[in-house]
Structures are given as structure tokens and as C-alpha cells.
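1. sharing a sequence plus its predicted fold:
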Amino acid sequence: MSAKDRNSVKNQHYVPCCVLIYFKESNIISRKEEPRIYHFLNEKEGIYPTTVSNVMCDKEFYEHQNLRINWLEDLLKDFEGNYASLLRKIVTSITIYKNRNIQFSELKKLIFTKLQFFFVMRFRSGGMLYEQEYAHKSNAVLGIIEKLLLSSTYIKDLSQTVARFYDFCILESSNMDFLISDQFISTASLSFKGSFIDATNRTIGLNNVLILIPISKEYYICFWNAVGKTKLKFLKKDKINKLTKQQTIEINRVIINNSYIQTAGSSIQSLENVVGDFNQVYPHSVCLGWDEYKPGRFHGADLGKEVFFYDNDRKVYEAVTISSRLYKAENNDSCPCGSGVTFRNCCRYVLKAFMRYGKEVFWADLIQRKSIIPGCFFLEQNIFQW
């Protein structure tokens, strides 16, 4: 791209301003000032003040040598106008519901009929493009176009899976402190299921998965499927659940750990509360062995990062997939995880869990079948299969 062409490229938002404006700082000193927002930049590991027009964006983000300059950005602008209107309607409807002028069922109907809008927002997000770059390299933008324009049935089917098999509620932050991730929709696993060859523990369509869709710093749409001990007690379906400050922090931990590039919020404090729990994890590849149809070549899959709601499940996953050091540890040894605590009082339970799952972890497709929600026949796809 020539210098002249670069100058004509727009500042391209992978989470649009019509969304970010709902996460801005509340106190604006002057009407002439642009709304301020704060963001945590993953690679710099720092929190910085910025403006809504300069967050979740980059020049040439949606550019590709086979596309006209600003083609995808211009195409998305039309959609953003419709999405901004939907967002305003949802925020207004929540206010009307809280004033007891409409039933919750009317609010739910509005959201359910527009579910595909939210997943379009996810597939054009910065986090999704980051994953596509891992799998498709220079053709990442074309991968997004395929999902948005050429595979409309995929987004429709995924939306129907969420609507049919997940409980629904709206989360309200009592201190108006929700964050937003560069992946737009944030997900987390509520349990450790195994190490999969073609899915993550938080793949939509599996049981014990939490799905978070941003509305504003005050509200999030929430879908979840929880069974057994993983049931989140503070979630009551088909109502607005007002969260305490600590519960808001727990949700924000999920949101920040969904990000690859940055996370934004209305205050420094809201970010500082969770940056210590941020794990910079990248997409990864799983080799499935020799490709019987292409002699001399391997085949496998590229998978997104794992995100767990409960820290113990994350530790179990890491033990199953990474660490063999636990096998050698004695009860009174210093724990191999580096906590400084004895193995008996730290990760011994992780080793026990590994032994429980160990026989099945090499049959990941079988575990996945056990983990699929009964009656659900459509799952979220992994990044790329090769």
C-alpha cells in the first residue's frame, strides 16, 4: 500500500464507537471535550486514558490487497447504524421495565429476535481478527468476510443454539463498572471438561458455558448453561440480576481474559481490580497426526484461548495439558506451581483431578460428546482446521 493510499485509510474500529460510548467515563469536564475512556493494553501491560474515537481501533485493520481501500469498513458502517439504533432501544426498554411499564418478556423478545446482530459484532471484532490472523495469516480479513457475508447460516444457527439451550438474564453492575473486551462477546467455561482436539472448554454448544454480551458499563446480556456444582447462585433466569461490587469484578475477570489486544472501561479502578488476574494466553494448534488423504502431511486444528470462570478449573486444565512436574512432587515439597506453599496444601487436588480425567484426555472427541448439551446439534466452530 502506497503512502498516498495509507493517508486515505480510515481509523477503523473493530468495536464501534456506538458501543464504546456506553462505556465512557461519566464525568466530562467540558461539553467540548470528547468522552474519555480507559484501556488496558495487553502487550504493554499498562492502563492508559484515551478517547472513544481512539480506542479499539487501528489504521488498515480491515484492509486487504484484494479489497478496495476502506471497503469492509464502509460496509460495516451501514450495519453499525442499525446496531446503534438497537442498542438505544434495549437501553430504553430496560429503563421502562425497571419503571414497571413493560413485562420482562417484552425485553427478552426484543433481544432474542436480534441475537444475530450480536454475533455479527463478535465476528467483526478485534479479538476474532486476532484469532483469524493466527490461522489464516495474511488472509485473516477474508476469513472474517466469509463468516459475515458468505456463511450467514452459521451465525443464524449459532444464535438459535444460544436461544434454545441457554438460560437468559440481564446483569446490572451496582457500581456501573463493567468492562468491554476486544472480542466483544466474552465467554468462559464453568467447569473443566477435558483437552479437546476441535473445541475449547468454552465452546458455545457445550454445557457449563457462560456467554456475556455488552450493552453498557451498567448492563450486560447473559446466557449460561450450568449443571451440578457449577451453578452460579447469583444468576436468576429471566430477570435483571443486580451484582455486588465483588460479583462485578468476577464478571470483569472473564471479560479481560477474553481479550487479545485490549480491554476498555469507564475508570482506572475498574481495570486495576482485574489486571492482576489477567492471563496473556494465545491461540494454539493441536496436531491430530498424519493426514491419511494427503501422504506426508500432518493435520490438526487451531483453537482459541481457554477461559475459565473458576481458577481451580484453569489450574486443572494447565496440569492436564502442560505440567508433568506434579507427578514428582511429594506432599511436603514446595509446590511446583511456584506459590511457595507445600504441595499438600496447594496443587495436590489438581493432580487428583488429572488422574480422574487422565484416561479420557486422549479421547477428547468422546469427552466433547459427553459435554455437548443434550439435544444440541450445532456447536461454535474452532478457528481453523488444517
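-> Okay, I see it.
2. tell me the secondary structure of Lys77, please.
-> Three-state call for Lys77 (DSSP: H, G, I helix; E, B strand; the rest coil): helix.
3. spell out the residue ranges of the strands in the stretch 101-250 of the chain.
-> For the stretch 101-250 of the chain, the strands defined by DSSP state E, counting those that start in this stretch cover 167-173, 180-181, 186-189, 209-214, 219-225, 240-243.
4. could you say which of these is packed most deeply?
-> Compared across those, strand 180-181 shows the largest average neighbour count, a mean of 29 (mean count of other CB atoms under 10 Å). C-beta here means a position set from N, CA and C on the backbone, and glycine is covered the same way.
5. counting contacts, what elements does that strand pack onto?
-> Counting contacts by 3 or more CB pairs under 8 Å, 6 or more residues apart in numbering; DSSP states H and E, strand 180-181 packs against helix 245-257, strand 262-265.
6. what packs against the last one?
-> Packed against strand 262-265 by the contact rule (3+ CB pairs under 8 Å, 6+ apart) you find strand 36-41, strand 180-181, helix 245-257.
7. so what's the gap between the last one and the chain middle?
-> The offset between the C-alpha centroid of helix 245-257 and the centroid of the whole chain comes to 12 Å, using CA atoms, centre = their mean, to the nearest Å.
8. going forward, begin numbering at 41 instead of 1
-> Sure, I'll start numbering at 41, so the last one becomes helix 285-297.
9. what's it in contact with?
-> For helix 285-297, the external contacting residues (CB atoms under 8 Å, 6 or more residues apart in numbering) are 80, 211, 213-215, 217-221, 226-228, 250, 252, 260, 274, 283, 303, 305, 310-311, 313-315, 317-319, 321, 345, 347, 349.
10. go again with 6 Å.
-> Contact partners of helix 285-297, identified using CB atoms under 6 Å, 6 or more residues apart in numbering, comprise 213, 215, 217, 219, 221, 226, 228, 274, 303, 313-314, 317-319, 347.
11. which pair of those spans the longest distance?
-> Based on CB to CB, the longest span within the contacts of helix 285-297 runs between Asn215 and Asn319 and measures 24.4 Å.
12. mind checking how far Asn297 is from Ile109?
-> 35 Å (CB to CB, to the nearest Å).
13. who has more neighbours, the two?
-> Comparing Asn297 with Ile109 by other CB atoms under 10 Å, the one with more neighbours is Asn297, at 23 against 16.
14. so what pLDDT did the more buried one get?
-> At Asn297, the model reports a pLDDT of 96.
15. do the same with Trp426
-> pLDDT at Trp426 comes out at 45.
16. what of Phe274?
-> pLDDT, Phe274: 89.
17. contacting residues around it?
-> Gln287.
18. now it: how far from Leu116?
-> Here Phe274 is placed at a distance of 35 Å from Leu116 (CB to CB).
19. likewise for Val315?
-> Distance from Val315 to Leu116, by CB to CB: 30 Å.
20. could you give the number of residues near Leu198?
-> 22.
21. actually, Thr135.
-> Using other CB under 10 Å, the number of residues around Thr135 comes to 11.
22. which element is it on?
-> Assigned by DSSP states H and E, Thr135 belongs to helix 111-138.
23. got the confidence number for Gly121?
-> For Gly121, the model assigns a pLDDT of 91.
24. mind saving the C-alpha coords of stretch 283-295 as PDB?
-> Taking C-alpha atoms only, stretch 283-295 is exported to PDB below (Å, rounded to 0.1, in the frame of the first residue of the first chain):
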ATOM      1  CA  LEU A 283     -24.500  -7.600  41.100                       C
ATOM      2  CA  THR A 284     -22.400  -6.600  44.000                       C
ATOM      3  CA  LYS A 285     -19.000  -4.900  43.500                       C
ATOM      4  CA  GLN A 286     -17.300  -8.300  44.000                       C
ATOM      5  CA  GLN A 287     -19.600 -10.100  41.600                       C
ATOM      6  CA  THR A 288     -19.000  -7.400  39.000                       C
ATOM      7  CA  ILE A 289     -15.200  -8.000  39.400                       C
ATOM      8  CA  GLU A 290     -15.800 -11.700  38.800                       C
ATOM      9  CA  ILE A 291     -17.600 -11.000  35.600                       C
ATOM     10  CA  ASN A 292     -14.900  -8.400  34.600                       C
ATOM     11  CA  ARG A 293     -12.200 -11.100  35.100                       C
ATOM     12  CA  VAL A 294     -13.900 -13.200  32.400                       C
ATOM     13  CA  ILE A 295     -14.100 -10.100  30.100                       C
END
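25. how far away from the center of its chain is that stretch?
-> Centroid separation for stretch 283-295 versus its chain: 15 Å, with CA atoms, centre = their mean.
26. list the buried residues for that stretch?
-> In terms of neighbour count (16 or more other CB atoms under 10 Å), stretch 283-295 has its buried residues at Leu283, Gln287, Thr288, Ile289, Glu290, Ile291, Asn292, Arg293, Val294, Ile295.
27. now do stretch 142-152
-> Here stretch 142-152 shows Phe144, Leu147, Lys148, Ile151 as buried, counting by 16+ other CB under 10 Å.
28. okay, those in JSON lines with pLDDT and distance to Lys355 next?
-> Below are the buried residues of stretch 142-152 laid out as JSON lines (pLDDT from 0 to 100; distance: CB to CB, whole Å):
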{"residue": "Phe144", "pLDDT": "95", "distance to Lys355": "38"}
{"residue": "Leu147", "pLDDT": "96", "distance to Lys355": "38"}
{"residue": "Lys148", "pLDDT": "97", "distance to Lys355": "36"}
{"residue": "Ile151", "pLDDT": "97", "distance to Lys355": "35"}
